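Novice: Got a sequence here, can you model it:
(one chain, ligands or ions: 2)
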Amino acid sequence: MNEMSKQGPALKPGEARCPAASTQEIIARDKVGAPDWVRSEAYEYMGSEDISKDRYINADYAKAEYERLWTRTWQFACREEHIPQPGDYHVYDVGPYSFIITRVSENDIRAYYNACLHRGTKLRASGTEGRASEFKCSFHGWSWNVDGSNKNVVCPWDFPHVDKAGLNLPEARVERLAGFVWINMDKTAPSLAEYLGPEAIKHINAWKLENRYIALHVTKPIPANWKLTVEAFQEAYHVIETHPQVAVSNADANSQYDVYGEHVDRFISPLGVLSPHLEGKYSEQDILDQFTVGDAGVLEGNKLSVGDGTARQVMADMFRGMFEKATNADLSAVSDSEILDCFSYTVFPNCFLFPGISLPMVYRFRPNPKNHRECLYEVMFLRPVGKDGVRPPPAEPIELTLEQSFKEAEGMDPGFGAILDQDTDNLFLQQEGLEASAKPGITLGNYQEIRIRHFEKAVDKYMAMPPLKP
Ligand code: FES
Ligand SMILES: [Fe+2]
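Specialist: Ligands and ions are numbered 1, 2, ... in the order given. Down below sits the predicted model:
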């Protein structure tokens with residue numbers, strides 16, 4: 001690839017771009033045009049300094065994150081379909097904190113601190129969910145109604161000093177958006193709408209994620225700090241080296257990066273287009289073959305012909321037909337880009353949305369409170385609910401061990417499982433390498449790694465605040 005930028009050498013930092021066709025130029029050639037929020041760019045240069053590595057390797061830093069960052073941010077706690085009926089609850093833990101996310105009535109969802117107000121026992125074990133008519137403590141039997149009011153104190157004569165009116169279960173804040181339930185422990189935090197900002201809300205709403213359900217849910221501990229793990233998915237820069245099998249049909253170096261306010265960023269990584277790193281080495285037919293019948297192919301044996309057209313267009317048409325059939329829906333007005341491309345949004349701090357139709361996923365990342373060098377990574381495939389409106393129950397999580405391959409999860413496409421293994425194998429080496437390194441920080445590309453800088457800027461913002469105890 002020509003290493004000079006498209007605009008020549010005399011550019012300010014952050015202005016240089018891969019010389020190949022830009023993401024916007026690729027999308028502009030598509031048959032079914034994309035909406036304005038796909039056709040816009042929102043990159044911002046945020047400096048070129050190295051990011052200190054302490055944040056990834058220091059146990060005290062991780063401890064401070066629990067008090068400063070996790071207590072103040074909006075977090076994806078569960079999907080609404082986890083708790084469809086009044087009385088349904090789902091336990092969400094982050095670090096030392098634990099919440100019982102409960103549907104009290106159709107439009108009232110609460111997040112109770114998961115601890116008995118007598119001597120602190122968790123009212124529901126971590127990782128559990130179900131339907132409750134009350135929350136009763138397993139130690140001495142104090143109990144609470146589903147609406148959080150105290151139901152019973154055993155031997156009340158012994159607690160004349162306890163005001164029953166003050167015995168409601170304390171709550172974190174709850175908001176709902178796009179079928180997700182979000183919680184925040186900070187009573188003074190901005191609303192979710194302010195936190196995300198109008199542009200990001202517009203994008204999230206446009207994807208209609210409330211009309212999807214969790215078809216597959218896989219969890220796996222990763223031997224790396226949670227932020228390193230998040231950042232492994234924030235750029236397409238690694239594709240050519242880490243996932244060479246997909247670079248043949250992925251515009252990697254010319255993917256687009258955007259930032260929206262402090263907490264949301266995005267990339268659009270076009271598919272059905274040759275990587276600029278491989279320019280001249282593959283034909284349009286090769287690109288199509290790689291995507292459809294190659295190592296990571298989506299078709300079994302049915303070779304398609306590109307004819308006079310482009311691999312990208314044949315693929316967009318093929319996916320449109322496939323998904324229309326699968327969901328019995330009319331996708332004729334949905335753009336080729338939304339159907340085909342890899343869209344990825346970070347919602348700081350724990351959530352990643354991949355809302356594109358060909359690879360619809362949500363990731364969630366949470367630190368391991370016992371080991372700052374480990375986190376829990378979750379992959380949820382969100383499929384559209386069919387035209388009949390019948391919403392299948394959310395898939396139970398398949399809990400992989402640290403040693404297992406993503407390919408072992410039942411229902412995981414093996415080609416995609418291999419990609420996730422490639423991503424996570426690097427993380428172990430990166431964590432250990434950062435600890436072994438003589439260099440005090442990590443270095444980032446100005447454009448392709450802007451989401452990492454943006455993410456760490458948000459980390460810095462919260463870490464500069466005083467501790468907030470819930
Ligand atoms: S600790 Fe819950 S009733 Fe005693
Ligand atoms: Fe990757």
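Novice: Residue in the stretch 351-470 of the chain with the shortest distance to ligand 1?
Specialist: Nearest to ligand 1, among the residues of the stretch 351-470 of the chain, is residue 470, at 18.9 Å (Cβ to the nearest ligand atom). Quick note: C-beta positions are derived from backbone N, CA and C, even for glycine.
Novice: neighbours around that residue, how many?
Specialist: Residue 470 has 14 neighbours, counted by other Cβ atoms under 10 Å.
Novice: Could you list which residues are in contact with it?
Specialist: Contact partners of residue 470, counting by Cβ atoms under 8 Å, 6 or more residues apart in numbering, are 71, 97, 113, 172, 185.
Novice: Narrow those residues to those that are buried.
Specialist: Using 16 or more other Cβ atoms under 10 Å as the burial test, the contacts of residue 470 include 71, 97, 113, 172, 185 as buried.
Novice: need the longest helix for this protein.
Specialist: The longest helix of the chain (DSSP state H) is helix 414-436.
Novice: Now do the next helix-or-strand element following that helix: which elements does it pack against?
Specialist: On the C-terminal side of helix 414-436, the closest following helix or strand by DSSP states H and E is strand 441-442. Judged by 3 or more Cβ pairs under 8 Å, 6 or more residues apart in numbering; DSSP states H and E, the packing partners of strand 441-442 are strand 51-52.
Novice: hmm, back to that, now flag whichever of the contacts of residue 470 is closest to residue 319.
Specialist: Within these, the smallest distance to residue 319 is 39.6 Å, found for residue 172 (Cβ to Cβ).
Novice: so the closest one touches residue 184, yeah?
Specialist: Yes - with contact defined as Cβ atoms under 8 Å, residue 172 counts as touching residue 184 (6.3 Å).
Novice: State the helix or strand in which residue 268 lies.
Specialist: strand 264-269.
Novice: Now do that strand: which elements does it pack against?
Specialist: Under the contact definition 3+ Cβ pairs under 8 Å, 6+ apart, strand 264-269 sits against helix 23-28, strand 256-260, strand 342-347, helix 450-463.
Novice: Give the pairing partners of it; include direction for each.
Specialist: strand 256-260 (antiparallel), strand 342-347 (antiparallel) (DSSP bridges).
Novice: same question for the first one, mean pLDDT?
Specialist: In other words, strand 256-260. Strand 256-260 comes out with an average pLDDT of 98.
Novice: what's the angle from it to helix 450-463?
Specialist: Counting by axes from the mean of the first three to the mean of the last three Cα atoms, to 10 degrees, strand 256-260 lies at 20 degrees to helix 450-463.
Novice: Counting neighbours, what do you get for the residue in the stretch 151-300 of the chain that ligand 1 sits nearest to?
Specialist: With Cβ to the nearest ligand atom, the shortest gap between the stretch 151-300 of the chain and ligand 1 falls at residue 154, namely 7.0 Å. For residue 154, the number of neighbouring residues by other Cβ under 10 Å comes to 12.
Novice: Report the central residue of this protein.
Specialist: Residue closest to the average C-alpha location in the chain (Cα atoms, centre = their mean): residue 352, at 1.5 Å.
Novice: Check which helices and strands the one helix or strand in the chain whose mean pLDDT sits lowest sits against.
Specialist: Using mean pLDDT, DSSP states H and E, the weakest-scoring helix or strand in the chain turns out to be helix 284-293, at a mean of 87. Packing partners of helix 284-293 (3+ Cβ pairs under 8 Å, 6+ apart): helix 311-327.
Novice: May I have the helix it packs on exported as PDB, CA atoms only?
Specialist: What follows is helix 311-327, C-alpha atoms only, in PDB (Å, rounded to 0.1, in the frame of the first residue of the first chain):
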ATOM      1  CA  ALA A 311     -18.600  -8.500  -4.600                       C
ATOM      2  CA  ARG A 312     -20.000  -5.900  -2.200                       C
ATOM      3  CA  GLN A 313     -23.200  -5.600  -4.200                       C
ATOM      4  CA  VAL A 314     -23.700  -9.300  -4.600                       C
ATOM      5  CA  MET A 315     -23.200  -9.800  -0.900                       C
ATOM      6  CA  ALA A 316     -25.600  -7.000   0.100                       C
ATOM      7  CA  ASP A 317     -28.300  -8.500  -2.200                       C
ATOM      8  CA  MET A 318     -27.600 -12.000  -0.900                       C
ATOM      9  CA  PHE A 319     -27.900 -10.900   2.800                       C
ATOM     10  CA  ARG A 320     -31.000  -8.900   2.100                       C
ATOM     11  CA  GLY A 321     -32.700 -11.900   0.600                       C
ATOM     12  CA  MET A 322     -31.400 -14.200   3.400                       C
ATOM     13  CA  PHE A 323     -32.600 -12.000   6.200                       C
ATOM     14  CA  GLU A 324     -35.900 -11.200   4.600                       C
ATOM     15  CA  LYS A 325     -36.600 -14.900   4.400                       C
ATOM     16  CA  ALA A 326     -35.400 -15.600   7.900                       C
ATOM     17  CA  THR A 327     -37.400 -12.800   9.500                       C
END
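Novice: ok, back up a step: export the strands paired with strand 264-269 to TSV and tack on distance to ligand 1 and mean neighbour count?
Specialist: Converted to TSV, the strands paired with strand 264-269 look like this (distance: least, Cβ to the nearest ligand atom, whole Å; neighbours: other Cβ atoms under 10 Å):
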stretch	distance to ligand 1	mean neighbour count
strand 256-260	44	23
strand 342-347	35	23
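Novice: In CSV: the ones you listed, plus distance to residue 149.
Specialist: Formatted as CSV, the strands paired with strand 264-269 follow (distance: least, Cβ to Cβ, whole Å):
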stretch, distance to residue 149
strand 256-260, 40
strand 342-347, 32
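Novice: Now do the end-to-end distance for stretch 97-114.
Specialist: Distance across stretch 97-114, first residue to last, is 8 Å (Cα to Cα, to the nearest Å).
Novice: average pLDDT across it?
Specialist: The average pLDDT for stretch 97-114 rounds to 98.
Novice: Next one: the most far-flung residue of the chain relative to its centre from residue 217, what distance?
Specialist: Distance from the C-alpha centroid of the chain peaks at residue 157, with 49.9 Å (Cα atoms, centre = their mean). For residue 157, the distance to residue 217 equals 47 Å [Cβ to Cβ, to the nearest Å].
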